[in-house]
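J.: this one's sequence-less:
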């Protein structure tokens, strides 16, 4: 690996790094990818693997929608173990106030060509009989999907490798920049471009990148096929994801292809250790049982935690890093890394190769954050 | 709104986890000094794996300790399984319909051991079971009279199981022990220094006399349609096919250290590290029996007593047992040496042989991974409800993978139990 | 088994009645009935391996509750046990 100078060296073999490797390789560039662990580790291994459109902002919508469509186009090529399943999402409304939000979302998506259906209380019960009685209704987003991220990352990486991309695992990266990536074992890899796709670890490699770890908990059950048909999210999820400072939980469950139920979600700032936090876990599971009481009797087989990479404005960092002509970022995806990985890779490589990106890239440019710092 | 905290809270000065010989001994000795002592086990009765069933009621040790336990002021929480430590000094345990918060000042973890299973072609066929596994089934009512049972694997458990099955009327065409004659001879000679063990052996001798015994022998494959029909074994460099109804196959024992690991106890070489008073690296947490080293009932009983006494501060009483423990530990070391697994066993699985039974992951999907974690994330090996208790030791032997760090629940538990809100004391 | 000869227990295994000695576990009932406890992910019939509740191969559905480890559960009269469930 030492002798070659690559066109691009990607730091991080998670879903974003793998998607970038795949995209760069498909455009004919010589690619190297490095990761201290394995393909699809860290947040990629820990996350829920959902592919969802979100309407928090125009920029978030544009990126998630674009990327969701890229996943849809890719679905037939995905191997079995990626477990791609277009089960759809239902945003669950517990009361009339939340139903108003359902209607607002419906209109928002309708204007933008995303098919959704407003469900009243009965329709919701029919679709998901195991939700507790008394829900006001919900919004069905039928084109949302779930998949199993480590295998998706592996699939993308293998595609890149078939086109000549080189993968080096096992040594942590100590330094990046100015066309070089230095590993802890002394190896230096030269690249015309360096992409920092190191997720929550990105700030360690590029000083000034404003990313904070946002810890999450997850629980997975034994197999209960047919119990849950769609991904379910409470509308309070948005309040949870919005909050910049407090610890929060939100009802979010997902049916896996295996028939297991994946239960989330929680968000914490400032928690640096990986240990399961019983107080958070209990809050999250209590919340889940409030929406789906039947979960309480199910066998929970595993719990784990992970760190999302969160930016101050909740949009990822995709594009050149000011101050180093060789350095680019593809990181800061918070809870939307799986969803937006494909679009991230597309717009990054489009920018670099002079192809007009499908969506405006300004909202995600790293220079937006740096500009703000300069003005402060 | 569900009252999620209606389930019980209990408080103990000494809480013992596991009601096998070590746990029973610890609880009894701790209770002699007064104070609140509790013992928890997921089985319906005490005795663990080794003291199960009517005939064990006549075993003098089982009888004695069972009686002492019954007569002592000890809270027995049976049919409850510990799955989490939500905060120091508190354990969560689950029963069929309830969940319990167990608060303790001192803890004795005596979680015993389980059989080691190694994969080979056909091992997932019905009627292929562990050696201890088949024995438990027969003790629980499975008829084996007139049935042919091949016993295979390694370890003294095979002898006990073969003798027991023979008494229940099974025909044992062969007992295949993978250890070499030399290893077994050394073990046998070593037993001369342990008269109690030798007597035990002689008692077994009658039952074992008519069982063909082969050292340097192991199963190659199990065959059958819906159920087991025959087993191919390797013996003296040759293979033989033996028609049979059951295969009782286990490769010695693996210590149950998951809870101790969750509690932060130092684990070395797969065993819980303890000082001379059986205290782990965590203050107030003691460990006794198989998790500190596979050593059988006698060692478990003396370690349990030391742990129980130390847990209530009776250090000089505990010290009086050190000599007995030293003797019992010699047996443990002999066991370890005699029944080491030979490398040929690594070649038993074929590419299609299932290694992870919960998720049906074959050998071929595992061999290229560098670590347990990578294999788990990419093949699902170890993601099932057994949490790697079966495939973990197997892959450790096959690929030298080290297990992951332990997270709650250390045993599958209901979502409702896992989500219990634990109020501060 | 605690005290054989004191009677039998009759339960339903996959819809058919099975009689077992009192004190027998559900896993034993499945074996006596010649029924697999569960079907594995790849479709293999499976039954108990460890006999002590750690391998999860003996899981059956009892009275509608799935994932019950049958090797640790005593048979009760009238129990409805199903493979997989």
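T.: Cool, the structure landed. Given the structure is predicted, the values throughout are model-derived calculations rather than measurements.

J.: where does the closest residue to chain B within chain A sit: helix, strand or coil?
T.: Nearest to chain B, among the residues of chain A, is residue A:285, at 2.8 Å (Cβ to the nearest Cβ). In this view, the C-beta of every residue, glycine as well, is placed from N, C-alpha and C. For residue A:285, the assignment made with DSSP: H, G, I helix; E, B strand; the rest coil gives helix.

J.: again with the one 10 residues further on
T.: At residue A:295, secondary structure determined by three-state DSSP is helix.

J.: residue B:187 sits in which helix or strand?
T.: Element membership of residue B:187, judged by DSSP states H and E, is helix B:181-191.

J.: show me what that helix packs onto, helices and strands only.
T.: Using 3 or more Cβ pairs under 8 Å, 6 or more residues apart in numbering or on different chains; DSSP states H and E, the elements in contact with helix B:181-191 are helix B:195-208, helix B:322-338.

J.: does any bit of whichever strand in chain B runs longest sit next to chain A?
T.: Counting residues, the longest strand found in chain B (DSSP state E) is strand B:99-109. No - Strand B:99-109 lies out of reach of chain A by Cβ under 8 Å from any Cβ of the partner chain, never closer than 10.4 Å.

J.: can you list the strands that the helix or strand just after that strand pairs with?
T.: Using DSSP H and E, the helix or strand that directly follows strand B:99-109 along the chain is strand B:113-115. Take DSSP bridges as the rule and strand B:113-115 pairs in its sheet with strand B:253-255 (antiparallel).

J.: any weak-confidence spans in the stretch 151-300 of chain B?
T.: Filtered on pLDDT under 70, the stretch 151-300 of chain B yields the residue ranges B:189-207.

J.: ok, now with 80
T.: Counting by pLDDT under 80, the stretch 151-300 of chain B shows low-confidence ranges at B:187-209.

J.: what's near enough to touch the residue of it found nearest chain A?
T.: With Cβ to the nearest Cβ, the shortest gap between the stretch 151-300 of chain B and chain A falls at residue B:262, namely 9.8 Å. Residues in contact with residue B:262 (Cβ atoms under 8 Å, 6 or more residues apart in numbering or on different chains) are B:84-85, B:406-408, B:410.

J.: how about the helix or strand hosting residue A:22, does it reach chain B?
T.: Using DSSP H and E, residue A:22 sits in helix A:15-26. No - residues of helix A:15-26 are not located near chain B by Cβ under 8 Å from any Cβ, the shortest gap being 12.6 Å.

J.: so what touches that helix?
T.: Contacts for helix A:15-26 (Cβ under 8 Å, 6+ apart): A:7-8, A:10-11, A:13, A:31, A:33, A:35, A:39-40, A:44, A:149, A:152-154, A:156-157, A:159-160, A:163-165, A:195, A:197-199, A:330-331, A:333, A:337-338, A:341-342, A:344-346, A:348-349.

J.: out of these, who's near chain B?
T.: The residues of the contacts of helix A:15-26 that also fall near chain B, by Cβ under 8 Å from any Cβ, are A:40, A:154.

J.: tell me the buried residues within the contacts of helix A:15-26.
T.: For the contacts of helix A:15-26, a neighbour count by 16 or more other Cβ atoms under 10 Å in any protein chain shown gives the buried set as A:7-8, A:10-11, A:13, A:31, A:33, A:35, A:39-40, A:44, A:149, A:152-154, A:156-157, A:159-160, A:163, A:165, A:195, A:197-199, A:330-331, A:333, A:337-338, A:341-342, A:344-346, A:348-349.

J.: point out the ones among these that are inside helices.
T.: A:44, A:149, A:152-154, A:156-157, A:159-160, A:337-338, A:341-342, A:344-346, A:348-349 (DSSP state H).

J.: re earlier: summarise which helices and strands the longest strand of chain B is packed against.
T.: Against strand B:99-109 (3+ Cβ pairs under 8 Å, 6+ apart) you get strand B:9-17, helix B:21-31, strand B:37-41, strand B:90-94, strand B:285-287, helix B:296-311.

J.: picking that back up, could you dump the contacts of residue B:262 into TSV and include neighbour count, pLDDT and secondary structure?
T.: Shown next, in TSV, are those (neighbours: other Cβ atoms under 10 Å in any protein chain shown; pLDDT from 0 to 100; DSSP: H, G, I helix; E, B strand; the rest coil):
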residue	neighbour count	pLDDT	secondary structure
B:84	27	97	strand
B:85	21	96	strand
B:406	18	93	coil
B:407	18	94	coil
B:408	22	95	coil
B:410	22	97	coil
